[in-house]
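K.L.:
got a predicted model here, sequence first, then my questions.
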Amino acid sequence: MIWQPIQDAELGCLSYIVGDPTTGEAIVVDPLGAVGAETYILAAQDLGVNLVKVIETHVHADHASSARTLSQLLGVPHALSHRAPASFAFEPLTDGDEWQMGQVHIRVWETPGHTPDSISILVADVRRSREPWLVLTGDSLFVGDVGRPDLADPNPEAIHEASVNQYHSVRRLMSLPDFTEVWPAHYGSSPCGGLFMDKKPNSTIGFERRFNPFVNMEDVETFVTQQQRLLKPPPAEAAELRRKNLGL
Amino acid sequence: MTLEELKAQVDQGQSLMIDIRLGKAFTEAHIQGALSAPFSQRGWGRAVAGWLKREAPGQAVVLFGDNAVLVNSAKGALEAEGISVAGTWDAGLGPWMAAGWPLVRVENITADALKASLSEWTVLDVREPYELRSGMIPGAKAIPMGELTARVNELDPSKRYAVVCASGSRSQSVAAWLAEQGYQVANLVGGMSLWIGAGHPVERA
């Protein structure tokens, strides 16, 4: 499997190129505006792969995306959750969608919470195993933390519902085997997580099961209360960034 | 450059066309006479410029690609090494094919498709002798890649060849070269790795 994280350390953002060496096909996940669409095109060429799809794990509210520009420059689909309220045409992804690029198998899980349109992407290399080797968790599960529930809609009822959804999404991700690698969309001091988010960009399901405080809150009300108690101030211009990334 | 200018460059044969697309795309189809040099940000400009200065000094260079970002980067990389670029094309093969002009083509064949139609093909295995111990496709003819130019007359132009290596990378280059020479060829995608992975039969010497 071809595997290339591309990060923006300043904003604590992570994006990924995931590809298959036999067919020379690859997807880009969560391409960053700060990195620029051209960087992904050049990186893919260096890796010897053609980018066939641009996927976002959700419509971001903390940073500018380059997904639309990249999909236009390449003439390939831009895929988002079918629940994304975007103004532009996109390929809708639904829970259970799966496809294969040579040896690489991709499956989509809807993991709402941080936003209603949050998804996680399970990646298997069938040459090694049919079981997922890693999961791109977007803002659904971070290293040591979980995505905040207040950026898509800041009214109190919506925050409560988002937090309840986040609890169930985290539990679903925890149904994966311990060895599954966790690669989120953020790390470090990104404003999309809470106080416990680690500066290390990746982890495993097993390590998070054991040591992530939010995973170990057994009942939903404790989770919801703690999540709101530990909120950081929202990123500046969150509403404006999400509006722009939605094409509104 | 316009499509007509591109065609004129090819017909007059005065400039050297460098195809910067990935090897897989080049193998699938390219314009006769183009040289394959897949662009990379690491060292491409120096390597290609060095080759041009040595092998084709003073010859006009045209860059062929299917993406403006990559073609512009390649142009910049050559110019930084003192090579001037006479023209660039970043719209891929689409307009050329739409005009109905000829291309050198290689079919990419999957392991399952090759297995199903094995009797229609002569399998040409271009791996090194030590690699053949992992098994060969039954009936395959073995000529290591490095010996092929000297032994190409062992091939029969009336036959169809499926070129095979370990992972599909060397066979891709070989297939493109054989197609340039006028042979009918296909490239086995993923090579023996995917053939064996799919559980298809192999014979061991």
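P.N.:
Okay, I see it.
K.L.:
the helices in chain B, which residues?
P.N.:
Per DSSP state H, chain B carries helices over the ranges B:3-12, B:23-28, B:44-55, B:68-80, B:94-98, B:111-116, B:148-151, B:170-180, B:191-197.
K.L.:
I meant chain A, not that one.
P.N.:
A:37-47, A:67-74, A:156-173, A:205-211, A:220-229, A:238-245.
K.L.:
circling back to that earlier point, for the helices of chain B, which one sits closest to residue A:65?
P.N.:
helix B:68-80 (17.8 Å; C-beta to C-beta). Quick note: C-beta positions are derived from backbone N, CA and C, even for glycine.
K.L.:
residues in contact with the one residue in chain B that gets nearest to chain A?
P.N.:
Nearest residue of chain B to chain A: residue B:190, at 3.7 Å (C-beta to the nearest C-beta). Neighbouring residues of residue B:190 by C-beta atoms under 8 Å, 6 or more residues apart in numbering or on different chains: A:22, A:23, A:102, B:110, B:111, B:167, B:168, B:197.
K.L.:
list only buried entries from those residues.
P.N.:
The neighbour-count test (16 or more other C-beta atoms under 10 Å in any protein chain shown) marks A:22, A:23, A:102, B:110, B:111, B:167, B:168 as buried among the contacts of residue B:190.
K.L.:
mind listing what the third one touches?
P.N.:
The contact partners of residue A:102, taken as C-beta under 8 Å, 6+ apart, are A:20, A:21, A:22, A:23, A:25, B:189, B:190, B:194.
K.L.:
now distance to residue B:149 and pLDDT too, for the residues you listed, in TSV please.
P.N.:
Shown next, in TSV, are those (distance: C-beta to C-beta, whole Å; pLDDT from 0 to 100):
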residue	distance to residue B:149	pLDDT
A:20	31	94
A:21	27	88
A:22	27	83
A:23	28	85
A:25	31	95
B:189	24	91
B:190	25	88
B:194	27	88
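K.L.:
which ones among these are found in strands?
P.N.:
A:20, A:25 (DSSP state E).
K.L.:
what's the most distant pair in the contacts of residue A:102?
P.N.:
Farthest apart among the contacts of residue A:102 - using C-beta to C-beta - are A:25 and B:194, which lie 14.0 Å from each other.
K.L.:
tell me where the model's unsure across chain B.
P.N.:
Along chain B, segments meeting pLDDT under 70 span B:205.
K.L.:
chain neighbours aside, what residue packs nearest to residue A:54?
P.N.:
In space, and not counting its chain neighbours, residue A:54 is closest to residue A:71: 4.5 Å by C-beta to C-beta, 6 or more residues apart in numbering or on different chains.
K.L.:
relative to residue A:15, which of the helices of chain A is closest?
P.N.:
If you check each of the helices of chain A against residue A:15 by C-beta to C-beta, helix A:37-47 wins as the nearest, at 7.7 Å.
K.L.:
what about residue A:21, distance to residue A:178?
P.N.:
Note on residue A:21: its distance to residue A:178, by C-beta to C-beta, to the nearest Å, is 27 Å.
K.L.:
got a list of what residue B:43 touches?
P.N.:
Contacts for residue B:43 (C-beta under 8 Å, 6+ apart) come out as none.
K.L.:
just residue B:5 next, same as before
P.N.:
Residue B:5 neighbours (C-beta under 8 Å, 6+ apart): residue B:87.
K.L.:
try 10 Å this time
P.N.:
Residue B:5 is in contact with B:62, B:87, B:89, counting by C-beta atoms under 10 Å, 6 or more residues apart in numbering or on different chains.
K.L.:
domain ranges for chain B?
P.N.:
For chain B, automatic domain parsing gives the domain ranges B:3-98, B:106-197.
K.L.:
for the ones you listed, give me JSON lines that also has distance to residue A:199.
P.N.:
Below are those laid out as JSON lines (distance: least, C-beta to C-beta, whole Å):
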{"stretch": "domain B:3-98", "distance to residue A:199": "28"}
{"stretch": "domain B:106-197", "distance to residue A:199": "37"}
